[in-house]
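Student: Turn this into a structure:
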Amino acid sequence: MKIILLKDVENLGDEGEVKTVADGYGRNYLLPRGFAVLFSKHGLNLIEQRAAKIEARKEDKKKAALSLKEKLQGLNLVISMPAGDNGKLFGAVTNGVVADHLAQSAGVTIDKRYVSIHGNAIKLVGVYDVKIRVLDREYATIKVEVKALEA
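Tutor: Purely as a prediction, here's the structure:
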């Protein structure tokens, strides 16, 4: 099924793009929720009329993402967790924990799905590089220092 996206759909495409999707996905999910219309002359006319607004929205989104990247780039985040004498944490620092600490300490709200930790979780005390996706292929790298909680 050929469709035209009316809104950005994660893992599929951006507003105004023409995509081919499975019939069931288009008919049961995208079309009823207003995310897309069937590919037709009417749909193409609709997108052509909205082209300037779509481009302006994309530029605003890109500028906001790049300013967020500048704000995050090089940020040092310190997380204290209970740990044993050997430096092994009682628990783990996950992408959700990093997102929560970013919101508390830096005032930046990030969805935990956009936080990427090498190996999926931090289980030892130390300093780690964590990537945060701010746009499709744009990442900011922050330093996360995991310390043993003082008893």
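Student: Going by C-alpha atoms from here, please, whenever you check contacts or count neighbours.
Tutor: Will do.
Student: Point me to the residue sitting closest to the centre of the chain.
Tutor: Note on the chain: the residue nearest the mean C-alpha position is residue 114, at 3.5 Å, using CA atoms, centre = their mean.
Student: per the record, what domains does this protein have?
Tutor: 2-69, 73-148 (automatic domain parsing).
Student: Hmm, residue 98 and residue 113 touching each other?
Tutor: No - counting by CA atoms under 8 Å, residue 113 does not reach residue 98; the two are 10.9 Å apart.
Student: Now do the host helix or strand of residue 146: which elements does it pack against?
Tutor: Assigned by DSSP states H and E, residue 146 belongs to strand 138-148. Applying 3 or more CA pairs under 8 Å, 6 or more residues apart in numbering; DSSP states H and E, we find strand 138-148 packed against helix 41-72, strand 76-81, strand 126-135.
Student: Quick check: bridge partners of the closest residue to the residue nearest to the centre of the chain other than its chain neighbours?
Tutor: Excluding its sequence neighbours, the residue lying closest to residue 114 (CA to CA, 6 or more residues apart in numbering) is residue 133, at 5.1 Å. Counting by DSSP bridges, residue 133 forms beta bridges with residue 139.
Student: which residues does residue 133 contact?
Tutor: 114-116, 139-140 (CA atoms under 8 Å, 6 or more residues apart in numbering).
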